[in-house]
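Peer 1: Generate coordinates for the sequence data below:
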Amino acid sequence: MNRQLRLMALLVILLSNSFVKSIIAQTIVQRNQLFDYDWKFNLGDEPKANANDFDDKNWRNLDLPHDWSIEGKLNPQNPMGNDGGYFPAGIGWYRKTFTVPATWKDKRVSIYFEGVYMNSEVFINGKSLGVYPYGYSSFQYDLTSLLDFTKENVISVRVDNSQQKNCRWYSGSGIYRHVWMIVTNDVHVPNWGVTITTPQVASTKASVKIKTLVKNETSTVQNIIVKTQLTGTNSKLAGNTQTKVELPANREKEVSQTISVSNPQLWTPETPNLYQAQVQIVKDKNVIDDTKTTFGIRSIKFTPENGFQLNGKTIKLNGGCVHHDNGCLGAAAFDRAEERRVEILKAAGFNAIRTSHNPPSKAFLDACDRLGMMVIDEAFDGWKESKTKFDYASIFNAWWQRDLEEMVIRDRNHPSIIMWSIGNEIIER
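Peer 2: Model prediction:
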């Protein structure tokens with residue numbers, strides 16, 4: 001009888017622990033939340049569309065990604081001309097109404113746009129967050145102090161592609177890539193805050209260097225632990241480490257860690273093996289931030305004698321320039337369409353592509369990582385000398401450094417990228 005009671009008591013404890021863990025799991029806020037669905041769209045300028053009480057009931061309902069140019073009628077008189085396939089451009093507005101979950105209380109909240117073509121201005125509850133001219137860069141805005149937990153919030157985005165010509169190929173128009181809400185604690189790793197390199201690579205052992213930027217947006221010193229775990233194929237553990245860190249108030253610190261990986265599975269176009277680095281920020285035994293970064297173990301080298309070498313082997317690049325559109329889908333960067341484009345190029349015999357003449361979508365680079373396509377990642381078409389009336393030359397002096405930084409910081413962990421291009425056919429070089 002006593003033995004049965006003890007077993008029943010143990011069962012109750014186990015069930016209670018499982019229940020508590022389940023409740024905790026349900027209250028953990030997802031860090032990156034897709035924000036693509038249930039937008040309103042209107043083609044044409046509406047000067048008051050940034051206001052919360054603006055009447056958008058007659059606007060079109062749609063999900064992102066979206067390219068309004070590809071939906072329009074071809075006309076020789078359209079100002080995009082032959083470069084843009086004679087499709088229309090113009091000005092458009094997007095609006096999304098949403099309520100803020102109670103679980104976002106005391107969190108840091110940002111909205112992240114993977115790409116908006118072009119000259120976008122973003123508003124939250126009528127307040128302008130900023131203007132971003134370049135249509136191929138990713139960008140984000142902090143919403144933390146501007147969200148209203150007591151009523152509905154409205155994100156409004158004005159997109160201006162009316163100044164033509166601004167491009168020498170089909171650009172599309174609109175919010176043509178994904179949008180995300182990023183929700184973190186006050187102590188967190190910022191977006192793209194993990195940098196991974198492989199300074200030493202051999203068939204028997206490789207060293208993986210992980211640099212993690214940690215921000216403390218509180219007014220007190222924070223003592224934390226940065227825990228990093230590497231996993232390979234089939235989630236097999238490849239190595240781990242942890243570092244104790246003291247973070248001063250309202251400061252950030254880069255934490256450098258090195259993990260040795262035995263018998264690494266190298267990334268090549270034929271064997272595109274991938275690893276994942278999971279970085280957790282731990283305080284008082286609680287995980288307060290958790291990020292995952294995909295990377296590959298490989299070495300690259302360029303010499304006059306041997307040309308380009310990947311993992312010590314000379315490789316000839318066989319490929320070409322690839323623009324960002326998906327044919328009849330226009331510029332809309334649907335994940336499957338981006339992946340399919342890489343599959344088609346791979347089947348045609350390509351082992352490398354140059355992203356002419358702008359940074360591609362994250363989905364495209366992810367596909368290149370998975371499928372084994374080497375990439376030359378390109379920043380922009382030109383510098384100060386213009387090729388069309390309203391191209392990048394009109395904003396080069398003010399924006400080149402920020403756009404370059406956005407590209408490199410976002411894309412630096414992709415093993416497919418073997419080279420950076422800082423421009424195409426630069427007139428003044």
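
Peer 1: Which SSE is immediately downstream of the helix or strand of the chain with the lowest mean pLDDT?
Peer 2: Every helix and strand of the chain was ranked by mean pLDDT, DSSP states H and E. The lowest is helix 2-27, at a mean of 50. On the C-terminal side of helix 2-27, the closest following helix or strand by DSSP states H and E is strand 32-34.

Peer 1: Which secondary structure elements does that next one sit against?
Peer 2: Judged by 3 or more C-beta pairs under 8 Å, 6 or more residues apart in numbering; DSSP states H and E, strand 32-34 is in contact with strand 179-184. (Each C-beta comes from the backbone N, C-alpha and C, glycine too.)

Peer 1: which residues of the stretch 201-350 of the chain fall in helices?
Peer 2: Here the stretch 201-350 of the chain has its helices, by DSSP state H, counting those that start in this stretch, at 335-347.

Peer 1: who does residue 211 bridge with?
Peer 2: residue 195, residue 256 (DSSP bridges).

Peer 1: Quick check: it touching residue 195?
Peer 2: Yes: between residue 211 and residue 195 there is a contact at 4.3 Å, judged by C-beta atoms under 8 Å.

Peer 1: Tell me which of those two has more neighbours.
Peer 2: The neighbour comparison of residue 211 against residue 195 (other C-beta atoms under 10 Å) goes to residue 195, with 17 against 14.

Peer 1: for the more buried one, what are its contacts?
Peer 2: Residues near residue 195 by C-beta atoms under 8 Å, 6 or more residues apart in numbering: 210, 211, 212, 412, 413.

Peer 1: Let me see the confidence value for it.
Peer 2: You'll see residue 195 listed with a pLDDT of 98.

Peer 1: quick one: it from residue 375, how far?
Peer 2: Residue 195 sits at a distance of 18 Å from residue 375 (criterion: C-beta to C-beta, to the nearest Å).

Peer 1: all strands of the stretch 101-250 of the chain, in order?
Peer 2: Assigned by DSSP state E, counting those that start in this stretch, the strands in the stretch 101-250 of the chain fall at 108-113, 120-124, 127-132, 139-142, 153-161, 179-184, 187-188, 194-201, 205-216, 222-231, 237-247.

Peer 1: Among those strands, which comes closest to residue 301?
Peer 2: Minimum separation from residue 301 across the strands of the stretch 101-250 of the chain (C-beta to C-beta) falls at strand 194-201, 10.3 Å.

Peer 1: Check which residues of that closest one are buried.
Peer 2: 194, 195, 196, 198, 201 (16 or more other C-beta atoms under 10 Å).

Peer 1: how about TSV for the residues you listed, with distance to residue 108 added?
Peer 2: Formatted as TSV, those follow (distance: C-beta to C-beta, whole Å):
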residue	distance to residue 108
194	17
195	21
196	24
198	31
201	36
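
Peer 1: and which of the residues you listed is nearest residue 422?
Peer 2: residue 195 (19.8 Å).

Peer 1: End to end on stretch 212-232, go ahead and measure it.
Peer 2: 20 Å (C-alpha to C-alpha, to the nearest Å).
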